[in-house]
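Need coordinates for the below:
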Amino acid sequence: MTTRSKKLAKFFIRVLITAGLLVWVLNQIDLVQFRQAVKTARWQYLVAVWVLTIVIFRINSFKMRLILKKQGCDVPIGMLFGASAITLFYGMVIPGVLSSGVKWYILKKNTGKGSNVLSSMVYNQMSIVFVMVVFGLASLMIINPVSLLSAETRNQWLLPAVCGILLIVILSVTLLLLNGSTGGKIINALKLLLRPFPAKVRQKGCEILDQIAVFQNASAGFHLTIGFITVIANLTGGVLMYVLSAGAANVTAPLAVLVCLCAFVYIMGRVPISVANLGVREVTLVGFLGLYGVEKPAALLMSFILFSALVVMAVIGAIYQLHWAAAARKSAPKSDAETP
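A predicted model of the protein is given here:
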């Protein structure tokens, strides 16, 4: 099987998984109740969700500019915002991790420093994943959904305990990884842990670890600044998006639950198993919010509202793509045949 055939096969598998998840979740929904949920929705919140999404992308562009500057690349915020929007546009079909190659190509073409851009992108993504995992585990400890599934109290401590242990391990490994004196040893240890995996996974993992090593000599202040911006944009902004989407769909749920959902859906979006995270988001929200008494039609509507924000950014990305393509054609030198 050729490389192209493999890619097509993987794409169709993702389409089938997406379709299967959507069919399953739609079979759980009473269409009459869903139409009623749409009628009673507070659509003024929808515009707020869209505006907030644009603001989050803008803040993340500012953060990416700081990271790139650390690598000697000075890229305007407008360029970074457009590259992120175009990446999301392609990400509606290509999975999140793979669609990042589009962003890398745009920034590499702009800076001429492919390896520096790659290091910055890896560090940026790792900072977001770190924040989401840490706060996701912390919120999971607080809400402890196991207590809702079982009336027995003897095993209800297990999930918070596991989350607490994972939280300590992740925080410790990250601090040691970004430390200039211990980072090299941690990277070598993590590379050893990758040995049981297939060669492609192992190679990709080692490449990512090597890119992270570039930032081990950065100051603690730099890491704290990036962490603070990440919390503001991706966590606070992301959770606020969930709050507004819940308000639009008349969904009432504890804030810790929305934090957990925001983190989990984002992390699952990094895994290339569906198209634009469709199906995964819907199943997660309908199933998880159901534990807290939220009606399935309202949870599904909330999920679609969140998805609509991505569609808005994808449309902006398409506009940027057309604009930059037109500008590139105008600036391209004319051939001899076209020269009067």
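
got any ranges where the stretch 101-250 of the chain has weak pLDDT?
Along the stretch 101-250 of the chain, segments meeting pLDDT under 70 span 149-154.

For the stretch 101-250 of the chain, which segments count as helices?
Along the stretch 101-250 of the chain, the stretches classed as helices by DSSP state H, counting those that start in this stretch are 114-143, 146-149, 158-177, 183-193, 199-212, 220-230, 237-248.

could those go into a markdown table alongside distance to residue 55 and mean neighbour count?
Backbone N, C-alpha and C define where each C-beta goes, glycine included. Formatted as a markdown table, the helices of the stretch 101-250 of the chain follow (distance: least, C-beta to C-beta, whole Å; neighbours: other C-beta atoms under 10 Å):
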| stretch | distance to residue 55 | mean neighbour count |
| --- | --- | --- |
| helix 114-143 | 16 | 20 |
| helix 146-149 | 34 | 14 |
| helix 158-177 | 27 | 14 |
| helix 183-193 | 34 | 14 |
| helix 199-212 | 28 | 14 |
| helix 220-230 | 13 | 15 |
| helix 237-248 | 7 | 22 |
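
To residue 268, which of those helices lies closest?
helix 114-143 (10.4 Å; C-beta to C-beta).

What is the three-state secondary structure of the spatially most central residue of the chain?
Residue closest to the average C-alpha location in the chain (C-alpha atoms, centre = their mean): residue 266, at 4.3 Å. Of the three states, residue 266 takes helix according to DSSP: H, G, I helix; E, B strand; the rest coil.

Could I get the contacting residues of the nearest residue to it once chain neighbours are set aside?
Closest residue to residue 266 apart from its sequence neighbours, by C-beta to C-beta, 6 or more residues apart in numbering: residue 132 at 5.0 Å. Applying C-beta atoms under 8 Å, 6 or more residues apart in numbering, one finds that residue 132 lies in contact with 234-235, 262-263, 266-267.

Report all helices and strands that the single longest helix found in the chain contacts.
Looking across the chain with DSSP state H, the single longest helix is helix 296-331. Helix 296-331 is packed against helix 31-39, helix 44-70, helix 77-91, helix 237-248, helix 280-290, with contacts defined by 3 or more C-beta pairs under 8 Å, 6 or more residues apart in numbering; DSSP states H and E.

Tell me what angle the fourth one forms with helix 296-331.
Translated: helix 237-248. 130 degrees (axes from the mean of the first three to the mean of the last three C-alpha atoms, to 10 degrees).

Need the residues that contact helix 237-248.
41-46, 48-49, 52-53, 55-56, 59, 251-253, 255, 258-259, 261-262, 266, 301-302, 305-306, 309.

Indicate which one of the helices and strands packed on helix 296-331 is closest to residue 123.
Among those, the nearest to residue 123 by C-beta to C-beta is helix 44-70 (5.9 Å).

roughly how far is that closest one from the heart of the chain?
13 Å (C-alpha atoms, centre = their mean, to the nearest Å).

got the buried residues for it?
45-46, 48-50, 52-53, 56-61, 63-65, 67-68, 70 (16 or more other C-beta atoms under 10 Å).

Also stretch 259-279?
259-266, 268-269, 272, 274-279.

Ok, which of the helices and strands packed on helix 296-331 comes nearest residue 4?
Of all the helices and strands packed on helix 296-331, helix 77-91 comes closest under C-beta to C-beta, at 17.4 Å.

Which strands or helices does that closest one pack on?
helix 44-70, helix 96-111, helix 296-331.

Going by contacts, tell me the helices and strands next to the shortest one.
Using 3+ C-beta pairs under 8 Å, 6+ apart as the contact criterion, the elements in contact with helix 96-111 are helix 77-91, helix 114-143.

Turn these into JSON lines, including distance to residue 290.
Compiled in JSON lines, those are given as follows (distance: least, C-beta to C-beta, whole Å):
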{"stretch": "helix 77-91", "distance to residue 290": "28"}
{"stretch": "helix 114-143", "distance to residue 290": "14"}
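
what's the closest of these to residue 5?
helix 77-91 (20.7 Å).

Buried by neighbour count: which residues of the closest one qualify?
79-91.

so which one among the residues you listed has the lowest pLDDT?
Within these, residue 91 has the lowest pLDDT, namely 81.

so how far is residue 101 from residue 306?
Per C-beta to C-beta, to the nearest Å, residue 306 is found 25 Å from residue 101.

of the two, who's got more company?
Legend: neighbour count by other C-beta atoms under 10 Å for residue 306 and residue 101, higher for residue 306 (26 against 15).

how about that one, what does it touch?
Residue 306 neighbours (C-beta under 8 Å, 6+ apart): 49, 241-242, 245, 265, 281.

mind redoing it with 10 Å?
Residues in contact with residue 306 (C-beta atoms under 10 Å, 6 or more residues apart in numbering) are 49, 53, 238, 241-242, 244-246, 248-249, 261-262, 265, 277, 281-282, 285.

circling back to that earlier point, arrange the contacts of residue 132 in CSV, one row each, with distance to residue 126 as further columns.
Below are the contacts of residue 132 laid out as CSV (distance: C-beta to C-beta, whole Å):
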residue, distance to residue 126
234, 12
235, 15
262, 18
263, 15
266, 13
267, 12
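
Ignoring the adjacent residues along the chain, who's closest to residue 147?
Counting by C-beta to C-beta, 6+ apart, the residue nearest residue 147 is residue 156, at 4.9 Å.
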